[in-house]
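Chemist: Can you look at this prediction? I've put the sequence above it.
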Amino acid sequence: MQSEIFQKLQQYLNQQVVGQSSLVEQLLVALLADGHILVEGPPGLAKTRAVKALAQCIEGRFHRIQFTPDLLPADLTGTDIFRPETGEFTFQAGPIFNSLVLADEINRAPAKVQAAMLEAMAEKQITAGRKTYALPKLFLVMATQNPIEQEGTYPLPEAQLDRFLIHLDVDYPQAEDELAILRLNRGEAKGEHTSSVPHVTQEQIFSARQDVLNIHMAESIENYLIRLVMATRQPEKYDAKLAQWIDLGVSPRATIALDRCARAHAWLQGRDFVSPADIQAMIFPVLRHRLVLSYQAQAENIHPNQVIAHLMSLVGSA
């Protein structure tokens, strides 16, 4: 079965990226739901390692792009190069023309670069000069942000944040996981290999995506999902505190993302139906970067997770 292939892939990635099971699961959810992922967390928490480990298992090319303030759009997309031997311009594709792209510290690039990234993420194509070029059919961007250092950064605009399927907060591992990381690193330095690398073809990925779309979602679950989304747009109907915290609710793109991610989450669990638990598991990474909090909420240092948790307490699944 297709789900067994991805469950083995998940087990392998959890062995390679110790203590970050949530990051591994969300990476696979984004892959199955055909979306992009934004990861935020301090340096050194295996964000890059997770994507590289996934890339080793998937049929397709991987490229890491280090974003810096002096980066230009052409550094991502490519540009027309003059060939003296022919007297013509030919297009030289940039690093964005890969199946898995790691956009490291994406908020360090200026607005023009982010705009070029936006077209690639939203349309799976890039425009150079007067021509438009299609990106690979399998195309996934994982972008990282460092929440600690904000000097010399360009905050992502709301439109680009909305293009990310999910947003994941990565935290430090527990003590027992830290010990396992230490031993894993020591073993790798000695050249030891604990398990064989699974291989997933692109056809298997596309087939799995169709299976995810065919997962059954009851009408009551659909209504529960819609109620959660509408509560972000009409918070005053539910609670005065919620209305004070939310300045702008989420878009229909969030509804679609929550539907796709809940289906992918259920499929990874080996089920052929979506339960309220799947919605509840995915609502945090799907909504936390899409909610626009009020100045009052920011002044009170309210985190989007608190808003979502309060919203869920007000909207029943029955």
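Modeler: Happy to help now that I have it. What you see is a predicted model; the values in this text were computed from it and never measured.
Chemist: Run the chain-centre distance for stretch 38-47.
Modeler: 12 Å (CA atoms, centre = their mean, to the nearest Å).
Chemist: Look up the closest residue to Ala111, ignoring the ones flanking it.
Modeler: Leaving aside its sequence neighbours, Ala111 sits nearest to Tyr154 (CB to CB, 6 or more residues apart in numbering; 6.4 Å). Where you see a C-beta, it was placed from the backbone N, CA and C, and this is true even at glycine.
Chemist: Helix, strand, or coil at that neighbour?
Modeler: coil (DSSP: H, G, I helix; E, B strand; the rest coil).
Chemist: check contacts around it.
Modeler: Shown in contact with Tyr154 (CB atoms under 8 Å, 6 or more residues apart in numbering): 69, 107-111, 114.
Chemist: Would you mind putting the residues you listed into TSV with pLDDT and neighbour count alongside?
Modeler: Formatted as TSV, the contacts of Tyr154 follow (pLDDT from 0 to 100; neighbours: other CB atoms under 10 Å):
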residue	pLDDT	neighbour count
Pro69	88	11
Asn107	86	21
Arg108	87	20
Ala109	86	27
Pro110	86	15
Ala111	83	12
Gln114	82	22
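Chemist: and those, which of them are in helices?
Modeler: 111, 114 (DSSP state H).
Chemist: With distance to Arg290 as extra columns, can I get the contacts of Tyr154 in a markdown table?
Modeler: Formatted as a markdown table, these follow (distance: CB to CB, whole Å):
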| residue | distance to Arg290 |
| --- | --- |
| Pro69 | 26 |
| Asn107 | 17 |
| Arg108 | 22 |
| Ala109 | 21 |
| Pro110 | 23 |
| Ala111 | 20 |
| Gln114 | 17 |
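Chemist: distance of the residue nearest to Ala111 from Ile106?
Modeler: Distance from Tyr154 to Ile106, counting by CB to CB, to the nearest Å: 9 Å.
Chemist: which residues do the two both contact?
Modeler: Shared contacts of Tyr154 and Ile106 (CB under 8 Å, 6+ apart): Gln114.
Chemist: Relative to Pro69, how far out is the residue nearest to Ala111?
Modeler: Relative to Pro69, and taking CB to CB, Tyr154 is found at 8 Å.
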